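1. let's see this in three dimensions:
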Amino acid sequence: MAVTSGGEPQATPQKTPRTGGAPQSGGSLKEGVRLFRMKRYELALQELLHISGDKSGGEENIELAYYLGLCYTKLARYDDALLYLEQVVTAGHDVLRVYQCRMTLAYIYVVTNRSKMAEFELKRLQHNGFESVQLYTTLAYAAWLQNNYKNAVSLYEKALDLDESNVTAMNSLGYILVDTDIDLLRGLRLCRKAVDKKPQSPAYLDSLGWAYFKNGELLEARTWLRRALELAPQEKEIRKHLRIVIGEE
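-> Model prediction:
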(Lines give C-alpha, C1' and ligand atoms only; values in the text may rest on other atoms or scores of the structure.)
Protein backbone atom coordinates (compact mmCIF):
# COMPACT_ATOMS: atom_id res chain seq x y z
CA MET A 1 0.00 0.00 0.00
CA ALA A 2 2.69 2.46 0.99
CA VAL A 3 4.99 1.40 -1.85
CA THR A 4 3.54 2.43 -5.20
CA SER A 5 4.42 1.71 -8.81
CA GLY A 6 4.23 5.30 -9.98
CA GLY A 7 0.80 5.10 -11.46
CA GLU A 8 -0.47 4.10 -14.83
CA PRO A 9 1.79 5.10 -17.72
CA GLN A 10 0.58 7.65 -20.22
CA ALA A 11 1.08 6.90 -23.88
CA THR A 12 0.36 7.45 -27.66
CA PRO A 13 -0.87 5.23 -30.78
CA GLN A 14 -0.72 1.42 -32.61
CA LYS A 15 -2.22 -2.46 -34.64
CA THR A 16 -5.13 -4.65 -35.78
CA PRO A 17 -8.11 -5.09 -33.44
CA ARG A 18 -9.57 -8.40 -32.30
CA THR A 19 -12.28 -9.00 -29.72
CA GLY A 20 -14.84 -11.64 -28.90
CA GLY A 21 -16.87 -10.48 -31.92
CA ALA A 22 -15.90 -8.92 -35.21
CA PRO A 23 -15.93 -5.10 -35.15
CA GLN A 24 -18.76 -3.50 -37.08
CA SER A 25 -18.26 -0.65 -39.53
CA GLY A 26 -19.53 2.81 -38.72
CA GLY A 27 -17.18 4.03 -35.99
CA SER A 28 -14.76 6.91 -36.33
CA LEU A 29 -11.16 6.79 -35.09
CA LYS A 30 -11.10 10.56 -34.71
CA GLU A 31 -14.29 10.49 -32.60
CA GLY A 32 -12.98 7.56 -30.53
CA VAL A 33 -9.76 9.42 -29.76
CA ARG A 34 -11.73 12.56 -28.88
CA LEU A 35 -13.89 10.60 -26.42
CA PHE A 36 -10.80 8.92 -24.95
CA ARG A 37 -9.15 12.28 -24.33
CA MET A 38 -12.33 13.44 -22.59
CA LYS A 39 -11.93 10.38 -20.31
CA ARG A 40 -15.19 8.89 -21.56
CA TYR A 41 -13.59 5.50 -21.90
CA GLU A 42 -16.70 3.32 -22.32
CA LEU A 43 -18.03 5.52 -25.10
CA ALA A 44 -14.60 5.70 -26.73
CA LEU A 45 -14.33 1.91 -26.64
CA GLN A 46 -17.72 1.45 -28.26
CA GLU A 47 -16.83 3.95 -30.98
CA LEU A 48 -13.51 2.27 -31.71
CA LEU A 49 -14.98 -1.23 -31.76
CA HIS A 50 -17.34 -0.15 -34.56
CA ILE A 51 -14.48 0.68 -36.89
CA SER A 52 -13.87 -1.87 -39.65
CA GLY A 53 -10.19 -2.78 -39.66
CA ASP A 54 -10.49 -3.96 -43.26
CA LYS A 55 -11.15 -0.45 -44.53
CA SER A 56 -8.32 1.34 -42.79
CA GLY A 57 -4.65 1.49 -43.72
CA GLY A 58 -1.81 -0.16 -41.84
CA GLU A 59 -0.89 2.85 -39.74
CA GLU A 60 -4.53 3.48 -38.89
CA ASN A 61 -4.87 -0.15 -37.78
CA ILE A 62 -1.91 0.36 -35.47
CA GLU A 63 -3.39 3.54 -34.03
CA LEU A 64 -6.76 1.85 -33.59
CA ALA A 65 -5.25 -1.07 -31.67
CA TYR A 66 -3.29 1.36 -29.52
CA TYR A 67 -6.36 3.28 -28.42
CA LEU A 68 -8.35 0.08 -27.91
CA GLY A 69 -5.54 -1.13 -25.65
CA LEU A 70 -5.60 2.13 -23.70
CA CYS A 71 -9.39 2.08 -23.30
CA TYR A 72 -9.31 -1.46 -21.97
CA THR A 73 -6.47 -0.49 -19.61
CA LYS A 74 -8.44 2.47 -18.26
CA LEU A 75 -11.46 0.22 -17.74
CA ALA A 76 -9.29 -2.39 -15.94
CA ARG A 77 -10.08 -5.02 -18.59
CA TYR A 78 -6.46 -6.05 -18.64
CA ASP A 79 -6.59 -9.26 -20.66
CA ASP A 80 -8.27 -7.41 -23.53
CA ALA A 81 -5.76 -4.58 -23.20
CA LEU A 82 -2.81 -6.98 -23.43
CA LEU A 83 -4.14 -8.39 -26.69
CA TYR A 84 -4.01 -5.02 -28.43
CA LEU A 85 -0.91 -3.56 -26.81
CA GLU A 86 1.12 -6.66 -27.64
CA GLN A 87 0.08 -6.27 -31.28
CA VAL A 88 1.41 -2.71 -31.20
CA VAL A 89 4.74 -3.81 -29.73
CA THR A 90 5.07 -6.56 -32.35
CA ALA A 91 4.08 -4.50 -35.41
CA GLY A 92 5.00 -0.95 -34.45
CA HIS A 93 7.86 0.91 -36.07
CA ASP A 94 7.58 4.11 -34.03
CA VAL A 95 10.19 3.78 -31.28
CA LEU A 96 8.39 6.13 -28.91
CA ARG A 97 5.11 4.27 -29.31
CA VAL A 98 6.76 0.93 -28.62
CA TYR A 99 8.34 2.42 -25.49
CA GLN A 100 4.98 3.72 -24.31
CA CYS A 101 3.26 0.40 -24.99
CA ARG A 102 5.91 -1.57 -23.11
CA MET A 103 5.48 0.78 -20.15
CA THR A 104 1.72 0.20 -20.22
CA LEU A 105 2.23 -3.57 -20.48
CA ALA A 106 4.57 -3.43 -17.49
CA TYR A 107 1.97 -1.46 -15.54
CA ILE A 108 -0.68 -4.10 -16.32
CA TYR A 109 1.65 -6.95 -15.32
CA VAL A 110 2.42 -5.21 -12.02
CA VAL A 111 -1.22 -4.59 -11.08
CA THR A 112 -2.15 -8.16 -12.03
CA ASN A 113 0.67 -9.61 -9.89
CA ARG A 114 2.85 -10.75 -12.77
CA SER A 115 5.92 -8.90 -11.60
CA LYS A 116 8.44 -11.07 -13.45
CA MET A 117 6.71 -10.31 -16.76
CA ALA A 118 6.71 -6.61 -15.86
CA GLU A 119 10.41 -6.85 -15.18
CA PHE A 120 10.96 -8.51 -18.57
CA GLU A 121 9.23 -5.64 -20.43
CA LEU A 122 11.10 -2.97 -18.50
CA LYS A 123 14.49 -4.62 -18.90
CA ARG A 124 13.87 -4.75 -22.65
CA LEU A 125 13.45 -0.99 -22.57
CA GLN A 126 16.50 -0.53 -20.39
CA HIS A 127 18.55 -2.72 -22.74
CA ASN A 128 17.47 -0.53 -25.67
CA GLY A 129 18.76 2.58 -23.93
CA PHE A 130 15.53 4.01 -22.55
CA GLU A 131 15.79 5.68 -19.18
CA SER A 132 13.01 7.45 -17.28
CA VAL A 133 11.77 7.98 -13.75
CA GLN A 134 8.69 5.93 -14.58
CA LEU A 135 10.78 3.03 -15.83
CA TYR A 136 12.86 2.93 -12.65
CA THR A 137 9.89 3.33 -10.27
CA THR A 138 7.97 0.53 -12.02
CA LEU A 139 11.03 -1.74 -12.03
CA ALA A 140 11.58 -0.94 -8.36
CA TYR A 141 7.97 -1.76 -7.54
CA ALA A 142 8.27 -5.09 -9.35
CA ALA A 143 11.45 -5.85 -7.35
CA TRP A 144 9.67 -4.94 -4.11
CA LEU A 145 6.79 -7.29 -4.94
CA GLN A 146 9.38 -10.09 -5.24
CA ASN A 147 10.91 -9.13 -1.84
CA ASN A 148 14.10 -8.02 -3.60
CA TYR A 149 14.47 -5.01 -1.33
CA LYS A 150 18.07 -4.07 -2.06
CA ASN A 151 17.37 -3.97 -5.78
CA ALA A 152 14.20 -1.96 -5.17
CA VAL A 153 16.19 0.57 -3.12
CA SER A 154 18.82 0.87 -5.85
CA LEU A 155 16.17 1.45 -8.53
CA TYR A 156 14.29 4.06 -6.51
CA GLU A 157 17.64 5.80 -5.95
CA LYS A 158 18.11 5.90 -9.74
CA ALA A 159 14.65 7.41 -10.14
CA LEU A 160 15.52 10.13 -7.62
CA ASP A 161 18.83 10.76 -9.39
CA LEU A 162 16.77 11.63 -12.48
CA ASP A 163 14.16 13.63 -10.56
CA GLU A 164 14.89 14.39 -6.93
CA SER A 165 11.35 15.73 -6.41
CA ASN A 166 9.53 12.61 -7.64
CA VAL A 167 7.08 11.88 -4.84
CA THR A 168 6.40 8.26 -5.77
CA ALA A 169 10.09 7.37 -5.56
CA MET A 170 10.55 9.47 -2.45
CA ASN A 171 7.70 7.84 -0.52
CA SER A 172 8.39 4.30 -1.70
CA LEU A 173 12.12 4.47 -0.97
CA GLY A 174 11.42 5.95 2.46
CA TYR A 175 8.93 3.20 3.27
CA ILE A 176 11.28 0.40 2.24
CA LEU A 177 14.19 1.91 4.20
CA VAL A 178 12.17 1.97 7.42
CA ASP A 179 10.17 -1.23 6.90
CA THR A 180 13.34 -3.27 6.32
CA ASP A 181 15.40 -1.36 8.93
CA ILE A 182 17.97 -0.42 6.27
CA ASP A 183 18.11 3.27 7.26
CA LEU A 184 15.42 4.39 9.70
CA LEU A 185 16.32 8.08 9.90
CA ARG A 186 16.73 8.62 6.17
CA GLY A 187 13.52 6.70 5.54
CA LEU A 188 11.65 8.97 7.96
CA ARG A 189 13.04 12.10 6.27
CA LEU A 190 11.94 10.88 2.85
CA CYS A 191 8.45 9.98 4.06
CA ARG A 192 8.14 13.38 5.71
CA LYS A 193 9.14 15.12 2.46
CA ALA A 194 6.58 13.09 0.50
CA VAL A 195 3.80 14.13 2.89
CA ASP A 196 4.92 17.77 2.69
CA LYS A 197 4.39 17.57 -1.07
CA LYS A 198 1.12 15.60 -0.96
CA PRO A 199 -0.44 16.00 2.49
CA GLN A 200 -3.77 14.43 1.48
CA SER A 201 -2.35 11.13 0.21
CA PRO A 202 -3.42 8.25 2.48
CA ALA A 203 -0.54 6.09 1.19
CA TYR A 204 2.05 8.74 2.06
CA LEU A 205 0.46 9.45 5.46
CA ASP A 206 0.56 5.71 6.14
CA SER A 207 4.25 5.58 5.21
CA LEU A 208 5.02 8.49 7.52
CA GLY A 209 3.09 6.97 10.41
CA TRP A 210 4.89 3.67 9.94
CA ALA A 211 8.24 5.46 9.69
CA TYR A 212 7.61 7.21 13.02
CA PHE A 213 6.66 3.87 14.59
CA LYS A 214 9.84 2.20 13.32
CA ASN A 215 11.80 5.12 14.80
CA GLY A 216 10.11 4.59 18.19
CA GLU A 217 7.91 7.73 18.12
CA LEU A 218 4.56 6.18 18.97
CA LEU A 219 2.52 9.36 19.50
CA GLU A 220 3.49 10.74 16.08
CA ALA A 221 2.89 7.31 14.53
CA ARG A 222 -0.68 7.14 15.88
CA THR A 223 -1.42 10.70 14.76
CA TRP A 224 -0.38 10.17 11.13
CA LEU A 225 -1.86 6.70 10.80
CA ARG A 226 -5.22 7.93 12.12
CA ARG A 227 -5.15 10.72 9.53
CA ALA A 228 -4.42 8.15 6.83
CA LEU A 229 -7.30 5.94 7.99
CA GLU A 230 -9.71 8.88 8.03
CA LEU A 231 -8.93 9.48 4.35
CA ALA A 232 -8.98 5.79 3.36
CA PRO A 233 -11.05 3.83 5.91
CA GLN A 234 -11.21 0.75 3.66
CA GLU A 235 -7.44 0.31 3.34
CA LYS A 236 -6.53 -2.85 5.22
CA GLU A 237 -2.80 -2.11 5.46
CA ILE A 238 -3.35 1.26 7.12
CA ARG A 239 -5.71 -0.38 9.60
CA LYS A 240 -3.16 -3.15 10.23
CA HIS A 241 -0.36 -0.61 10.84
CA LEU A 242 -2.53 1.32 13.28
CA ARG A 243 -3.48 -1.85 15.19
CA ILE A 244 0.22 -2.72 15.54
CA VAL A 245 1.06 0.79 16.77
CA ILE A 246 -1.68 0.86 19.41
CA GLY A 247 -0.78 -2.64 20.53
CA GLU A 248 -3.74 -4.61 19.23
CA GLU A 249 -1.54 -6.99 17.20
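2. so for stretch 87-94, what gets flagged as buried?
-> In terms of neighbour count (16 or more other C-beta atoms under 10 Å), stretch 87-94 has its buried residues at 87-89, 92, 94. Every residue, glycine included, has its C-beta placed from N, CA and C.
3. got it, and stretch 212-229?
-> Of the residues in stretch 212-229, those buried under the neighbour-count criterion (16+ other C-beta under 10 Å) are 212-214, 220-222, 224-225, 227-229.
4. hmm, which helix or strand of this structure has the shakiest average pLDDT?
-> Every helix and strand in the chain was compared by mean pLDDT, DSSP states H and E; the lowest is helix 115-127, with a mean of 82.
5. in this structure, where is pLDDT below threshold?
-> By pLDDT under 70, the weakly predicted segments of the chain are 1-2, 4-26, 52-57, 92, 249.
6. how about the helices in the chain?
-> 29-37, 41-49, 58-74, 78-91, 95-111, 115-127, 133-145, 149-162, 167-179, 184-197, 202-214, 218-231, 236-245 (DSSP state H).
7. neighbours around Y78, how many?
-> Residues near Y78, counting by other C-beta atoms under 10 Å, number 18.
8. and if you look at I244?
-> By other C-beta under 10 Å, the residues close to I244 number 14.
9. what sits against it?
-> By C-beta atoms under 8 Å, 6 or more residues apart in numbering, the residues touching I244 are F213.
10. roughly how far apart are it and F36?
-> When distances are taken as C-beta to C-beta, to the nearest Å, I244 and F36 turn out to be 43 Å apart.
11. same question, Y72
-> Between Y72 and F36 the distance is 11 Å, computed by C-beta to C-beta.
12. now do A142
-> When A142 is compared with F36 (using C-beta to C-beta), they lie 27 Å apart.
13. which one's more surrounded, those two?
-> In this comparison of A142 against F36, neighbours counted by other C-beta under 10 Å, the higher total goes to A142 at 27 against 20.
14. wait, doesn't that one sit right on S115?
-> Yes. At 4.2 Å, A142 and S115 qualify as touching, with contact defined as C-beta atoms under 8 Å.
15. give me the common contacts of the two.
-> Residues touching both A142 and S115 (C-beta under 8 Å, 6+ apart) are Y109.
16. stretch 210-221: how far from the chain's middle?
-> Relative to the chain's own centre, stretch 210-221 is displaced by 28 Å; criterion: C-alpha atoms, centre = their mean, to the nearest Å.
17. tabulate the helices of the chain (a markdown table), appending distance to V3.
-> Shown next, in a markdown table, are those (distance: least, C-beta to C-beta, whole Å):
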| stretch | distance to V3 |
| --- | --- |
| helix 29-37 | 30 |
| helix 41-49 | 27 |
| helix 58-74 | 21 |
| helix 78-91 | 21 |
| helix 95-111 | 11 |
| helix 115-127 | 12 |
| helix 133-145 | 5 |
| helix 149-162 | 8 |
| helix 167-179 | 4 |
| helix 184-197 | 11 |
| helix 202-214 | 8 |
| helix 218-231 | 14 |
| helix 236-245 | 10 |
